[in-house]
Structures are given as C-alpha cells and as structure tokens.
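Student: give me a model of this one.
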Amino acid sequence: MSLTIFDDIYHEIRKRNTSGGFKAVPYSDEFIKYAAGYYGLSMELIHNIIQILINSHKIFSIEIIAEDKVRDIAHVEGYVVCDLVILRKLKSFYQSELIIQYENEFHKRLMVHQVVKEIFPMLRSLNNTDIGKVANLAIMLEELERFMEKHYEEFTEEWKAKRLAYEISLSNIDTQLERKVEKQKVAGRSSSPGGLKDRRKKRVVDAPQYNEFIDKSKSYPLERIFQIYGIDFFLRVQLRNYKFDYLKELVGTKKIKRKSDLLLLKNMLNAVLHNRNSDHNLAQYEDAIYELMQTVNHHLFVERDF
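Tutor: Numbers count the residues shown, from 1 in each chain. Predicted structure coming up:
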C-alpha cells in the first residue's frame, strides 16, 4: 500500500460514475465502509483520503441527505469525479429522473427548470426521500458544471496534480499508510526466518530481473530503462543500493520530473526514514537522504507554484 491509494479510490469512484443508473453516484455511508474493508484501512483514514481528493479538485462531494438529529438521520454525501463529460451525463440522467419523480409525486408534468423552481423551497421537508435525493443531485450537478466552466483553470490535470501533491504534503497520510504496510510486513514475517533487511533484499535486489536490470543500465539510456522496468522498480533498486546522490542528480536535472514520479519517490523516502532503525547502513547516508527529500520537495512544491 502506498500513495497509489489516492488513484485507486479516484478510479473506483470514476468507474461507478460511468456505470449508469442510480448507483452511478456512490454514497459516503456505503462507499467509505466498502473502501475501508477492501483496502484494510480505517474508515477515518479513508474519509481523510477522500477529503484530500475533494480539496485537490479530483472529485466533488454533494450533500445527498442532510443530518437530522431529531429524526436520527445521518449526513450522507455523494461522490462525483471532476470530469465535465461524466458530470454532464450524470446531470442529464438525474434531471430526467427528477422530472419523472416530480410528476409521479405531484401529478404535474414540468420542464426541469420549472421542477427545480417548485421543489427547491421544499428540499428540507423532502430530506431523506427518494425525490429529495434525486433533486439534490440534479440541482448540484448543474451548479458544479457551471463552476467547472467558470473556473476551468482549476480543473486541468496539471493543476489537480500540483494541488494533490500539496494537500498530501500537509497531511501525515503517507506516514499512516507506511505504518500500516509495516504492520502487515511484520505479520507476514512472523512465520518466516530472516529480518527486514534480508526480506527487502529478496524483494528487490534479488528479484529475477535484477541482474538483467543492472546489465542493461550500463548500456541503455535512462528513458529506455524506465520504459522496460517502470519507475517504481527503478526507484526501489536505487534506494535499496543507497543511490541517494544519484537520485538527487536525476531529480535536479529533471530526468525524473513527472509529478506522479516525484510523489512516488517522496513516499518511498518516507518509508526509508520510517524503517531506518532496521537497516544500520542508512545512518551513514542520513544527510544524503534529507538532501534528496529537500530536492524532491523543491521540485514538487516550489518550482510548481499554483
């Protein structure tokens, strides 16, 4: 488990948004429980991850049900990805459904803007009803469409990636995720001989493709190495071999410059620091590790101003 959890949750919401029908907008009460169980994380942590996605304009949250303590009704949100094509399709579906439900409820056939005008003052009394849920979605999806069109510069992939990296940097979620991973690793090693250092070597340095990687690295250009083995494997090998200065050079010269790659490296460095007591060799590289971290942060959050 790493910071790819943000992509995983985003794509799960996107998948549901494109599935069609009433289940196309996942509700917070169901989705948070599902994600917590599926990824083995706490509901609080999943909620915090979703909030970061919201702050980063990756997804929108829409109030579906308002909290009502008198009637013991909990607050429920719906999640929609910030994609105009998907949002417009959802808006069209829920507006059509609102017309149908309004006609069934009030026995009047009106255009959608007329229905919204009629029903808006009644939303509180319609809380937690089928028509109330549909109305909230139909109204807010149109408002969010307008918001995206008006503030389009805040919904470019570049802006969202910068903001996501910034929001993650303000949180301690990467540390929480690494702590969770380490607990799982410890549990998995309880029945196997060997320590953390040996297991890490077996996972990366002694992997079948490692020798091939080393040979090709001597003659292949860096871009070709990335294509063959992927940035994840490349970074893990370099970190396992304590190549912190080399990675600093690659980041500084923008050989590694994609936001996702920098964020991945930052996450891996946090894991290295978290596990430094398990690898005594890391002590002599402490300055190099922190210099690399500073370089990564500089290219993530200074050179990439909002």
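
Student: show me how the protein divides into domains.
Tutor: Following automatic domain parsing, one finds the domains of the chain at 4-158, 193-302.

Student: need the ones you listed in JSON lines (columns: mean pLDDT).
Tutor: As requested, the domains of the chain are arranged in JSON lines below (pLDDT from 0 to 100):
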{"stretch": "domain 4-158", "mean pLDDT": "93"}
{"stretch": "domain 193-302", "mean pLDDT": "76"}
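
Student: how about these in TSV, adding distance to residue 169?
Tutor: C-beta: built from backbone N, CA, C; applies to glycine. Listed next are these as TSV, based on distance: least, C-beta to C-beta, whole Å:
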stretch	distance to residue 169
domain 4-158	10
domain 193-302	6
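
Student: using CSV, lay out the ones you listed together with mean neighbour count.
Tutor: Formatted as CSV, these follow (neighbours: other C-beta atoms under 10 Å):
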stretch, mean neighbour count
domain 4-158, 16
domain 193-302, 15
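
Student: nearest to residue 166, out of those domains?
Tutor: Evaluated over these, closeness to residue 166 peaks at domain 193-302, with 6.1 Å, by C-beta to C-beta.

Student: give me the distance from that closest one to the chain's centre.
Tutor: For domain 193-302, the separation from the chain centroid amounts to 22 Å (computed by C-alpha atoms, centre = their mean, to the nearest Å).

Student: what packs against the helix or strand containing residue 226?
Tutor: In the assignment (DSSP states H and E), residue 226 maps to helix 222-240. With contacts defined as 3 or more C-beta pairs under 8 Å, 6 or more residues apart in numbering; DSSP states H and E, the packing partners of helix 222-240 are helix 210-219, helix 244-252, helix 259-274.

Student: does residue 58 touch residue 10 like I think?
Tutor: Yes. In terms of C-beta atoms under 8 Å, residue 58 counts as a neighbour of residue 10; the distance is 5.5 Å.

Student: who touches both of those two?
Tutor: Shared contacts of residue 58 and residue 10 (C-beta atoms under 8 Å, 6 or more residues apart in numbering): residue 81.

Student: now the helices and strands packed on helix 222-240 in CSV, with distance to residue 68?
Tutor: As requested, those are exported to CSV (distance: least, C-beta to C-beta, whole Å):
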stretch, distance to residue 68
helix 210-219, 59
helix 244-252, 51
helix 259-274, 40
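
Student: wait, which of these is closest to residue 89?
Tutor: When these are compared for distance to residue 89 using C-beta to C-beta, the nearest one is helix 259-274, at 27.0 Å.

Student: and for the helix or strand following the closest one, what are the contacting residues?
Tutor: Heading C-terminal from helix 259-274, the first helix or strand you meet, by DSSP H and E, is helix 286-297. Identification of contacts with helix 286-297 by C-beta under 8 Å, 6+ apart yields 169, 242, 244-245, 247-248, 251-252, 262, 265-266, 269, 272-273, 276, 282.

Student: please apply the same query to stretch 90-99.
Tutor: 17, 20-22, 24-25, 80, 109-112, 115-116, 119, 131, 134-135, 137-138, 141-142, 145.

Student: try stretch 253-270
Tutor: Stretch 253-270 is contacted from outside by 2-3, 158, 161-162, 164-165, 168, 174-175, 177-178, 222, 231-232, 235-236, 239, 247, 249-251, 289, 292-293, 296-297, 299-300, 304, using C-beta under 8 Å, 6+ apart.

Student: repeat that for stretch 21-38.
Tutor: With contact meaning C-beta under 8 Å, 6+ apart, stretch 21-38 is reached by 9, 12-13, 16-18, 41-43, 45-47, 50, 61-62, 64, 74, 76-80, 90, 93, 97, 137.

Student: can I get that stretch in PDB, CA atoms only?
Tutor: This file holds the C-alpha atoms of stretch 21-38, laid out as PDB (Å, rounded to 0.1, in the frame of the first residue of the first chain):
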ATOM      1  CA  GLY A  21     -28.300   4.200 -13.200                       C
ATOM      2  CA  PHE A  22     -29.000   5.200  -9.600                       C
ATOM      3  CA  LYS A  23     -25.800   3.600  -8.300                       C
ATOM      4  CA  ALA A  24     -23.600   5.800 -10.500                       C
ATOM      5  CA  VAL A  25     -23.000   8.200  -7.600                       C
ATOM      6  CA  PRO A  26     -21.500   6.300  -4.700                       C
ATOM      7  CA  TYR A  27     -22.900   7.400  -1.300                       C
ATOM      8  CA  SER A  28     -20.500   8.100   1.500                       C
ATOM      9  CA  ASP A  29     -22.100   5.800   4.000                       C
ATOM     10  CA  GLU A  30     -21.700   2.800   1.700                       C
ATOM     11  CA  PHE A  31     -18.500   3.800  -0.100                       C
ATOM     12  CA  ILE A  32     -16.300   4.600   2.900                       C
ATOM     13  CA  LYS A  33     -17.200   1.200   4.500                       C
ATOM     14  CA  TYR A  34     -16.500  -0.600   1.300                       C
ATOM     15  CA  ALA A  35     -13.100   1.100   0.700                       C
ATOM     16  CA  ALA A  36     -12.100   0.600   4.400                       C
ATOM     17  CA  GLY A  37     -12.800  -3.100   4.100                       C
ATOM     18  CA  TYR A  38     -11.300  -3.600   0.700                       C
END
